[in-house]
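Undergrad: Prediction below, plus the sequence it came from.
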Number of protein chains: 4
Amino acid sequence: MSTTTDVIPSSRAFISDNMAGASPEIAQAVPASAAGHALPYGNDPFTGSVRRQLSETFERDVDVFPVSTGTAANCLGLAALTPPWGSVLCHPNSHINNDECGAPEFFTGGAKLVTVPGDDSKIDPDALHEAVRRKAGDVHSVQPTVVSISQATESGSVYTLDEIRRLATIAKDAGLRVHMDGARFANALEHLGATPAEMTWKAGIDVLSFGATKNGAMTADAIVSFDPVLATELAFRAKRAGQLASKTRFHAAQLDAYLADGLWLRNARQANTMATRLGDGLKAIPGTELLGSPQANILFCRLPQQATEGLLAEGYTFYHDRWAPGIVRFVTSFSHTFEDIDQLLDAVRRHTR
Amino acid sequence: MSTTTDVIPSSRAFISDNMAGASPEIAQAVPASAAGHALPYGNDPFTGSVRRQLSETFERDVDVFPVSTGTAANCLGLAALTPPWGSVLCHPNSHINNDECGAPEFFTGGAKLVTVPGDDSKIDPDALHEAVRRKAGDVHSVQPTVVSISQATESGSVYTLDEIRRLATIAKDAGLRVHMDGARFANALEHLGATPAEMTWKAGIDVLSFGATKNGAMTADAIVSFDPVLATELAFRAKRAGQLASKTRFHAAQLDAYLADGLWLRNARQANTMATRLGDGLKAIPGTELLGSPQANILFCRLPQQATEGLLAEGYTFYHDRWAPGIVRFVTSFSHTFEDIDQLLDAVRRHTR
Amino acid sequence: MSTTTDVIPSSRAFISDNMAGASPEIAQAVPASAAGHALPYGNDPFTGSVRRQLSETFERDVDVFPVSTGTAANCLGLAALTPPWGSVLCHPNSHINNDECGAPEFFTGGAKLVTVPGDDSKIDPDALHEAVRRKAGDVHSVQPTVVSISQATESGSVYTLDEIRRLATIAKDAGLRVHMDGARFANALEHLGATPAEMTWKAGIDVLSFGATKNGAMTADAIVSFDPVLATELAFRAKRAGQLASKTRFHAAQLDAYLADGLWLRNARQANTMATRLGDGLKAIPGTELLGSPQANILFCRLPQQATEGLLAEGYTFYHDRWAPGIVRFVTSFSHTFEDIDQLLDAVRRHTR
Amino acid sequence: MSTTTDVIPSSRAFISDNMAGASPEIAQAVPASAAGHALPYGNDPFTGSVRRQLSETFERDVDVFPVSTGTAANCLGLAALTPPWGSVLCHPNSHINNDECGAPEFFTGGAKLVTVPGDDSKIDPDALHEAVRRKAGDVHSVQPTVVSISQATESGSVYTLDEIRRLATIAKDAGLRVHMDGARFANALEHLGATPAEMTWKAGIDVLSFGATKNGAMTADAIVSFDPVLATELAFRAKRAGQLASKTRFHAAQLDAYLADGLWLRNARQANTMATRLGDGLKAIPGTELLGSPQANILFCRLPQQATEGLLAEGYTFYHDRWAPGIVRFVTSFSHTFEDIDQLLDAVRRHTR
């Protein structure tokens, strides 16, 4: 049995927000929900509570499907929105395009991801406008069917409400549906200061991957559907994909605690604040360059090689030279403290000199 | 947020072993593993520890893939063993055939389940002997490729080691692979008093669904592969199916605690003992009839209608009239006590008079 | 280049109706359609003509998709009628269940064939009545979605119009769709003396595999859909499955000639008449036994072993001992003559003595 | 029944080589093969003859699978070469990427097409060199598995033998397989003056789509595999995909006649010569511009708008303004004559003035 958990102190952990453990409230919710017997497969009080909390959160009835990974959330949602001969329009940098090993193709029965470019990892409206009608009705081509946007994006930028509405309008006008990969939904929401309803169904989103794992939960995300017509299909698809846990209560207990008393928003605020502090600090260090528009909890920058090497030598963990030579990514999470960030900035400063 | 968990007291909970919560040791392992940062996607100390514990348990190196459901464990394992044009030979009563909503077909890309009959939910060797060569080489037919056996079976019976070896030999002689659905692996092991190695790879099993959820864990089972050649394929298939959790440590922590100090075997023993006590008690009640050979923690019996109705009226939860009129199923778990069972027997007695 | 075609004379060819070549009218239609240029992908005059002829034949507008095999016709039709989590109810003897190597599972994305028994290879209405509601709404089970019936069946029997209507009513009342595998559609029609409309949409059929290959065409069958809503999906599915031929005119030319001047019905009549003559003759031979109700052009019988061996020794080709020891199948086609049948009967007689 | 075939005279038919009918030798081979009985499913003398002819053509034993479309040939070949989590590296202009409605994703069970750029629709070796190792071993990404090249390409260019060998070497060095989409194989071969062996297996090709339909056949292409290990898988995949025709002899008869006496090469030569003549003629017309390197039978050019309109008004059929405004594509075929080309040139000349 493992006795040492903390291989990597939070001050050194910047690979991704999934390096963090769990919020204590969520971690404690699990043993608290473990006693006693309950009906399996989501017919338990925790799952019911999550449904209620999410319906309140989104100011309307929503259908909720707790799942064990963001990949499952994304791909089940997409599968309910597109036939196998459809295409999913997404940004080249999107997680579904790069980091899910073809899971979208697997879950959808072979639909095709078609990328639509844009700055800051956001889909460009003009490019989308062209893409939504591309070869529509042409039997030789997959048919544009869904637009999937990541909010926040994979590079830490955040669509404004206007931007979401604009993309959704372009999609809907051409008969497409809109999916949101919200692995970092709370971080985006915090950045915008918007309501969950405004950032989703009021802006035209049909299905949302409501991320929790990266923001303090453990192994629980949820599909939130704003289209009641999809509920039956999502239920069968989730079961068939091995995503209907018999003891769903343990996924639900995490989400329940995540939503209670605004924990999810506090966690996101902390992560975002840490990224802002890191970004501000980096900007002040000559020889480093901040890239893109970090608005959530991801930050790309260019560091001198000796800085990268120096950090690595001190035990810092982060991705570097993966997107391009010299490019470094730092991801902050609810678990980081001012002290963690200041230590990192200090280290960069020392090694950049 | 949910405040009442215990909708159903253990004394009334006999629908399935998945109604139980979690063993305290496992429930507590989660917050214990939640602090601190670790590498994601299984590169954490907990996952490493599970691999070591399972390798010790099986007395050889094994490949381990923690997953969130038994359905995922079964279907990923099968997908690694059969091409889409293969057939999976299984018992008509098997979980993969009845209770996974076509998940095996989904994960395998359309392989076909072909049922092979036998008493007590066990595959009959003679029937298997015929099935393994049926239309072999005939391009118009799916090709027998895998035999999948449930240990313990869905009706609570347990294959003897000889029976497993015989089925595996029939399979191997015809070039097929062997899969074991071990959703109730520990219950079967306890019943036989065998070692894990004897009941699996030494008997010819290639891939095992190592169940934990039904026996005290929460949302964690594992694929255990005894064929190193399959490791790469299983890794890609798991990721692609949304079964590579970023915070795998939380699946692993459950399995780690499950395996530590023999908890898994103690839990199974308790569940089996409760079923035996229940079976013995029922046999002594005139007007009831015990069916099949309950050897693990599932028990089928025939109750008079007024007994079923009386139990339901007292808040007992269990499946009835699902397989045939008058047939009742009780499933016991680690969480049941002598008192629970004796209460149930008392109630049956009262209502059968 | 091949110079000898006729390896097997018609008098010896009883394996299947697909041993026959093509009707001269159809064979000649191909070079007749080969000159000149036409728009590809079905936008040619031949395909238009087939659509018109089939709409006339069925007394209503129908959607027509020429395909190259019966397997493709069946499986594309089924795929348009069921989601991946649906089940297709079919007879255990059906071609889709036995002879398509899992093609239905492939085309549908993993739907499950669930067999429903019945005498003479026909689905029993009572058994169907139970099957259509089995586990309906249960997320753990595939959902009954389509009933597929073979007309004529794989053992040569033919559903009456009443029988089709009854099965279709049972299906529709439970919300299922109805598919007809008409690989031997013309043979069934001839036997019943019904109209194509009566035997299909008027009886409740949604999608038909309109067979032509076995009855005088070469490499062309057609999906005929009576539900206009399915047309778009069928078009994309056909293309995506490699079944939209660029020079569709050459499939269409076969179907066009097949339908012209009643050739298809004349061919079926000839095949059926030959089977009837063969059946009548066999009945008169002591020591042989006719099985089932051969009504189309397939006939099962029991022959003494020395008769089977004697026939084989004389170069007769047919299936034997495949379904059970001693069981022989003869299939007649448009290409057989009275003389062929009488020779065969004579041979059976000689070897049975 | 259709009575008018020749909607479009050859002098006006430049949309694609699939507008042409069939070579008389091939058209006549069909009725010649239609008489008499033969074993079904490829066990007929014609299929045997095709296998022999192709083995001679390629100077070694090859496995041959006649199919009804190029889409089926390409996608079955790819499916045999890649697991579902693999990626197929192909040019952005490739037919599999643009014109098969997601068929590659369907047949492979969800593998991903990853495009690799290059001039003239040819994959650039340096870009390929980078692509073949991209994220190799990274479980979060599809794995580079196959390189697919079109010979001739979709824009009419032809890889030299050196270019093929170089791409194949890059692929093989990284452990990838190589597929060739030879929809216009003969046109490329004629242009190079190479042998079929040199252009395929001797250069590193594993599986070839051997096109015939566009070059004088009707509904027959073939998968030619140079790797005997793939034969079984290809057979099952073809059956399961509805591509094992019962009367395979009619596909085979087309291929048999296509290969006999060098017809296939004569047809390709004629098509290429017509394209060369057309290209040379266009170059001499001021105000038009020839694009790319037309080496086979496809030619892209820029025409003044009034020229395009003038041609359309005269009944010319061709693609225009599809790739970019002002861009016109002409495709020649075996069926075009010097007179056809000269008429077209004359018309362009008249309308360009």
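TA: Yep, that arrived.

Undergrad: CA atoms for contacts and neighbours, from now on please.
TA: OK.

Undergrad: and the residue lying closest to A:Thr108 once chain neighbours are set aside, how many neighbours?
TA: Excluding the flanking residues, the one nearest A:Thr108 by C-alpha to C-alpha, 6 or more residues apart in numbering or on different chains is A:Ala79, at 4.4 Å. Neighbour count of A:Ala79, defined by other C-alpha atoms under 10 Å in any protein chain shown: 24.

Undergrad: export the host helix or strand of A:Ala79 as PDB, just CAs?
TA: Taking DSSP states H and E as the definition, A:Ala79 sits inside helix A:70-81. Provided in PDB are the C-alpha atoms of helix A:70-81 (Å, rounded to 0.1, in the frame of the first residue of the first chain):
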ATOM      1  CA  GLY A  70     -13.700  14.800 -19.200                       C
ATOM      2  CA  THR A  71     -13.000  12.700 -22.300                       C
ATOM      3  CA  ALA A  72     -16.200  10.700 -21.600                       C
ATOM      4  CA  ALA A  73     -18.200  13.900 -20.900                       C
ATOM      5  CA  ASN A  74     -17.000  15.500 -24.200                       C
ATOM      6  CA  CYS A  75     -17.400  12.500 -26.400                       C
ATOM      7  CA  LEU A  76     -20.800  11.300 -25.100                       C
ATOM      8  CA  GLY A  77     -22.100  14.800 -25.500                       C
ATOM      9  CA  LEU A  78     -20.800  15.000 -29.000                       C
ATOM     10  CA  ALA A  79     -22.100  11.500 -29.900                       C
ATOM     11  CA  ALA A  80     -25.600  12.700 -28.900                       C
ATOM     12  CA  LEU A  81     -25.300  15.700 -31.200                       C
END
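
Undergrad: if we can go back for a sec, shouldn't the residue nearest to A:Thr108 be in contact with A:Gly110?
TA: No: if you go by C-alpha atoms under 8 Å, A:Ala79 and A:Gly110 don't touch, sitting 9.6 Å apart.

Undergrad: can you give me the offset of whatever helix or strand A:Leu208 lives in from its chain's centre?
TA: A:Leu208 is part of strand A:207-210, with elements assigned from DSSP H and E. Chain-centre distance of strand A:207-210: 9 Å, with C-alpha atoms, centre = their mean, to the nearest Å.

Undergrad: again with stretch A:192-207
TA: A distance of 15 Å separates the centroid of the chain from that of stretch A:192-207, by C-alpha atoms, centre = their mean.

Undergrad: I'd like to know the average pLDDT value across it.
TA: Stretch A:192-207 shows an average pLDDT of 98 in the prediction.

Undergrad: ok, residues contacting it?
TA: With contact meaning C-alpha atoms under 8 Å, 6 or more residues apart in numbering or on different chains, stretch A:192-207 is reached by A:57-59, A:77, A:158, A:160-161, A:164-165, A:168-169, A:177-180, A:189, A:208, A:223-227.

Undergrad: filter those residues by proximity to chain C?
TA: When the contacts of stretch A:192-207 are checked against chain C using C-alpha under 8 Å from any C-alpha of the partner chain, none falls in range.

Undergrad: Just the residues contacting stretch A:292-310, thanks.
TA: A:120, A:152, A:154-158, A:187-188, A:191, A:271-276, A:279, A:287-291, A:320, A:326-333, A:347-348, A:350-352.

Undergrad: Taking the residues you listed, please make a ChimeraX selection of just the buried ones.
TA: Listed next is the ChimeraX selection for buried residues among those, using 16 or more other C-alpha atoms under 10 Å in any protein chain shown:
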select /A:120,152,154,155,156,157,158,187,188,191,271,272,273,274,275,276,279,288,289,290,291,320,327,328,329,330,331,332,333,347,348,351,352
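
Undergrad: Just the ones of the contacts of stretch A:292-310 in strands?
TA: A:289-291, A:320, A:327-331 (DSSP state E).

Undergrad: before we move on, what SS does A:Ala222 have?
TA: Following DSSP: H, G, I helix; E, B strand; the rest coil, we place A:Ala222 in the strand state.
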